[in-house]
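A.B. asks: Structural data only, the sequence is not supplied:
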(Lines give C-alpha, C1' and ligand atoms only; values in the text may rest on other atoms or scores of the structure.)
Protein backbone atom coordinates (compact mmCIF):
# COMPACT_ATOMS: atom_id res chain seq x y z
CA UNK A 1 0.00 0.00 0.00
CA UNK A 2 1.31 3.43 -0.98
CA UNK A 3 0.91 5.78 2.01
CA UNK A 4 1.51 9.52 2.20
CA UNK A 5 2.14 11.01 5.62
CA UNK A 6 0.39 14.21 6.64
CA UNK A 7 1.51 16.29 9.63
CA UNK A 8 -1.18 18.67 10.86
CA UNK A 9 0.78 21.69 12.11
CA UNK A 10 -1.41 24.71 11.33
CA UNK A 11 -2.79 25.62 14.75
CA UNK A 12 -1.98 28.66 16.85
CA UNK A 13 -1.29 26.58 19.95
CA UNK A 14 -4.09 27.78 22.18
CA UNK A 15 -3.11 25.05 24.69
CA UNK A 16 0.59 25.88 24.42
CA UNK A 17 2.87 28.88 24.22
CA UNK A 18 2.44 29.60 20.52
CA UNK A 19 2.15 27.55 17.35
CA UNK A 20 3.33 23.95 17.89
CA UNK A 21 4.88 24.06 14.40
CA UNK A 22 7.52 26.37 15.91
CA UNK A 23 8.17 24.15 18.93
CA UNK A 24 11.45 22.34 19.52
CA UNK A 25 12.73 19.73 21.95
CA UNK A 26 15.06 20.90 24.74
CA UNK A 27 17.89 19.72 22.44
CA UNK A 28 16.66 22.05 19.68
CA UNK A 29 15.07 19.50 17.32
CA UNK A 30 11.89 20.90 15.70
CA UNK A 31 8.75 18.95 16.47
CA UNK A 32 7.97 19.13 12.74
CA UNK A 33 11.16 17.17 12.02
CA UNK A 34 10.25 14.53 14.61
CA UNK A 35 6.76 14.10 13.13
CA UNK A 36 8.11 13.84 9.57
CA UNK A 37 10.75 11.31 10.62
CA UNK A 38 8.16 9.19 12.47
CA UNK A 39 5.91 9.09 9.40
CA UNK A 40 8.76 8.26 7.01
CA UNK A 41 10.09 5.57 9.35
CA UNK A 42 6.57 4.13 9.61
CA UNK A 43 6.58 3.56 5.85
CA UNK A 44 5.23 6.74 4.27
CA UNK A 45 6.75 7.35 0.86
CA UNK A 46 6.23 11.08 1.07
CA UNK A 47 5.28 13.52 3.82
CA UNK A 48 3.17 16.68 3.64
CA UNK A 49 3.23 19.28 6.43
CA UNK A 50 0.17 21.51 6.73
CA UNK A 51 1.10 24.93 8.12
CA UNK A 52 -1.11 27.86 9.10
CA UNK A 53 -0.37 30.12 12.06
CA UNK A 54 2.98 31.83 11.52
CA UNK A 55 3.47 29.72 8.40
CA UNK A 56 6.43 31.77 7.14
CA UNK A 57 8.43 31.14 10.31
CA UNK A 58 7.34 27.49 10.52
CA UNK A 59 8.22 26.78 6.88
CA UNK A 60 11.91 27.14 7.74
CA UNK A 61 11.60 24.23 10.18
CA UNK A 62 10.04 21.80 7.68
CA UNK A 63 12.68 19.27 6.61
CA UNK A 64 13.69 19.49 2.93
CA UNK A 65 12.32 16.00 2.26
CA UNK A 66 8.78 17.10 3.22
CA UNK A 67 6.31 19.23 1.28
CA UNK A 68 4.94 22.25 3.17
CA UNK A 69 1.42 23.40 2.25
CA UNK A 70 -0.56 26.26 3.77
CA UNK A 71 -4.06 26.15 5.26
CA UNK A 72 -5.06 29.78 4.83
CA UNK A 73 -8.26 29.15 6.80
CA UNK A 74 -6.35 27.48 9.67
CA UNK A 75 -8.32 29.47 12.26
CA UNK A 76 -11.33 27.27 11.44
CA UNK A 77 -9.60 24.42 13.28
CA UNK A 78 -8.18 21.02 12.51
CA UNK A 79 -10.77 20.46 9.77
CA UNK A 80 -9.14 23.12 7.59
CA UNK A 81 -5.78 21.37 7.92
CA UNK A 82 -7.27 18.01 7.06
CA UNK A 83 -8.90 19.37 3.91
CA UNK A 84 -5.64 20.99 2.75
CA UNK A 85 -3.61 17.87 3.58
CA UNK A 86 -6.00 15.57 1.73
CA UNK A 87 -6.08 17.91 -1.28
CA UNK A 88 -2.27 17.91 -1.42
CA UNK A 89 -2.17 14.11 -1.09
CA UNK A 90 -4.71 13.78 -3.91
CA UNK A 91 -2.03 14.89 -6.38
CA UNK A 92 -0.03 11.76 -5.53
CA UNK A 93 -0.65 8.09 -6.28
CA UNK A 94 -1.16 7.32 -2.59
CA UNK A 95 -3.72 4.72 -1.58
CA UNK A 96 -4.03 6.24 1.90
CA UNK A 97 -2.79 9.00 4.18
CA UNK A 98 -1.37 8.55 7.65
CA UNK A 99 -2.28 11.66 9.64
CA UNK A 100 -0.60 12.82 12.81
CA UNK A 101 -0.38 15.98 14.87
CA UNK A 102 2.81 17.99 15.27
CA UNK A 103 1.93 18.28 18.99
CA UNK A 104 3.02 14.68 19.57
CA UNK A 105 6.82 14.92 19.61
CA UNK A 106 7.20 11.64 21.51
CA UNK A 107 5.22 9.62 18.97
CA UNK A 108 7.37 6.97 17.36
CA UNK A 109 7.23 5.24 14.01
CA UNK A 110 5.97 2.08 15.72
CA UNK A 111 2.46 3.51 16.15
CA UNK A 112 2.36 4.45 12.48
CA UNK A 113 3.59 1.00 11.45
CA UNK A 114 0.81 -0.63 13.50
CA UNK A 115 -1.85 1.58 11.96
CA UNK A 116 -0.61 1.01 8.40
CA UNK A 117 -0.43 -2.76 9.01
CA UNK A 118 -4.00 -2.77 10.37
CA UNK A 119 -5.33 -1.08 7.23
CA UNK A 120 -3.03 -2.66 4.64
CA UNK A 121 -5.53 -5.26 3.44
CA UNK A 122 -8.20 -2.60 2.91
CA UNK A 123 -5.98 -0.32 0.77
CA UNK A 124 -8.01 2.60 -0.56
CA UNK A 125 -10.91 1.70 1.72
CA UNK A 126 -8.80 1.67 4.91
CA UNK A 127 -9.88 3.43 8.08
CA UNK A 128 -7.73 2.79 11.13
CA UNK A 129 -6.63 4.79 14.11
CA UNK A 130 -4.52 4.47 17.19
CA UNK A 131 -6.28 3.92 20.47
CA UNK A 132 -4.71 4.82 23.83
CA UNK A 133 -6.32 3.51 27.02
CA UNK A 134 -9.63 3.15 25.16
CA UNK A 135 -9.52 6.67 23.71
CA UNK A 136 -8.99 7.46 20.00
CA UNK A 137 -5.76 9.23 19.13
CA UNK A 138 -3.13 9.58 16.42
CA UNK A 139 -1.90 8.49 13.97
CA UNK A 140 -4.95 7.91 11.78
CA UNK A 141 -5.02 6.05 8.46
CA UNK A 142 -7.57 7.17 5.87
CA UNK A 143 -7.88 5.34 2.57
CA UNK A 144 -8.30 7.36 -0.63
CA UNK A 145 -11.91 6.21 -1.10
CA UNK A 146 -12.81 8.20 2.05
CA UNK A 147 -10.92 11.43 1.35
CA UNK A 148 -13.76 13.36 -0.27
CA UNK A 149 -16.27 12.38 2.41
CA UNK A 150 -13.83 13.05 5.26
CA UNK A 151 -13.06 16.51 3.84
CA UNK A 152 -16.78 17.27 3.54
CA UNK A 153 -17.58 16.01 7.04
CA UNK A 154 -14.62 17.63 8.82
CA UNK A 155 -15.56 20.61 10.98
CA UNK A 156 -13.83 22.73 13.59
CA UNK A 157 -11.30 20.99 15.77
CA UNK A 158 -13.11 17.63 15.56
CA UNK A 159 -11.38 16.96 12.24
CA UNK A 160 -12.15 13.44 11.03
CA UNK A 161 -13.22 12.15 14.47
CA UNK A 162 -16.97 12.11 13.78
CA UNK A 163 -16.56 10.53 10.35
CA UNK A 164 -14.40 7.76 11.76
CA UNK A 165 -16.81 7.20 14.65
CA UNK A 166 -19.69 6.70 12.18
CA UNK A 167 -17.79 4.31 9.87
CA UNK A 168 -16.16 0.98 10.46
CA UNK A 169 -12.77 2.03 11.76
CA UNK A 170 -10.13 -0.43 12.92
CA UNK A 171 -9.04 0.57 16.42
CA UNK A 172 -5.39 -0.31 17.06
CA UNK A 173 -4.26 -0.47 20.66
CA UNK A 174 -1.13 1.64 21.02
CA UNK A 175 -1.35 2.24 24.78
CA UNK A 176 2.08 0.69 25.27
CA UNK A 177 3.56 3.40 23.01
CA UNK A 178 2.60 6.44 25.06
CA UNK A 179 -0.17 8.93 24.42
CA UNK A 180 -1.55 9.87 21.01
CA UNK A 181 -3.51 12.95 21.96
CA UNK A 182 -2.16 16.35 22.96
CA UNK A 183 -3.51 17.84 26.14
CA UNK A 184 -4.14 14.57 27.98
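C.D. replies: Thanks, I have the structure now. Model, not experiment: these values are computed from the prediction.
A.B. asks: only C-alpha atoms for contact and neighbour calcs from this point on.
C.D. replies: OK.
A.B. asks: Please identify the buried residues of the worst-scoring helix or strand of the chain on mean pLDDT?
C.D. replies: Across the helices and strands of the chain, mean confidence by mean pLDDT, DSSP states H and E is lowest for helix 161-166: a mean of 86. Using 16 or more other Cα atoms under 10 Å as the test for burial, helix 161-166 gives 161, 163, 164.
A.B. asks: What's the separation between the first one and residue 110?
C.D. replies: Computed with Cα to Cα, to the nearest Å, the distance linking residue 161 and residue 110 is 22 Å.
A.B. asks: same check, this time on the second one
C.D. replies: As defined by Cα to Cα, residue 163 lies at a distance of 25 Å from residue 110.
A.B. asks: how about the buried residues of helix 161-166 in TSV, adding distance to residue 177?
C.D. replies: What follows is the buried residues of helix 161-166, written out as TSV (distance: Cα to Cα, whole Å):
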residue	distance to residue 177
161	21
163	25
164	22
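A.B. asks: Enumerate every residue touching the residue sitting furthest away from the middle of the chain.
C.D. replies: The outermost residue of the chain relative to its centre, with distances by Cα atoms, centre = their mean, is residue 27 at 23.4 Å. Residues in contact with residue 27 (Cα atoms under 8 Å, 6 or more residues apart in numbering): none are found.
A.B. asks: Wait, a strand at it?
C.D. replies: No - assigned with DSSP: H, G, I helix; E, B strand; the rest coil, residue 27 falls outside any strand and is coil.
A.B. asks: hey, where'd the strands end up in this protein?
C.D. replies: 3-9, 46-51, 67-70, 96-101, 127-132, 135-143, 170-173 (DSSP state E).
A.B. asks: Would you mind confirming that residue 34 is in contact with residue 105?
C.D. replies: Yes - counting by Cα atoms under 8 Å, residue 34 touches residue 105, with 6.1 Å between them.
A.B. asks: which one of the buried residues of helix 161-166 sits closest to residue 129?
C.D. replies: residue 164 (8.6 Å; Cα to Cα).
A.B. asks: Not counting residues beside it along the chain, what's closest to that closest one?
C.D. replies: Of all residues not flanking residue 164 in the chain, residue 127 sits nearest, at 7.3 Å (Cα to Cα, 6 or more residues apart in numbering).
A.B. asks: and that neighbour, bridged to which residues?
C.D. replies: residue 142 (DSSP bridges).
A.B. asks: and if you look at the one 4 residues further on?
C.D. replies: Each beta-bridge partner of residue 131 is listed here, defined by DSSP bridges: residue 136, residue 173.
A.B. asks: Tell me who's in contact with it.
C.D. replies: 137, 138, 171, 172, 173, 174, 175, 180.
A.B. asks: do residue 77 as well
C.D. replies: 11, 155, 156, 157, 158, 159 are the contacts of residue 77 under Cα under 8 Å, 6+ apart.
A.B. asks: Now with 7 Å, please.
C.D. replies: Shown in contact with residue 77 (Cα atoms under 7 Å, 6 or more residues apart in numbering): 156, 157.
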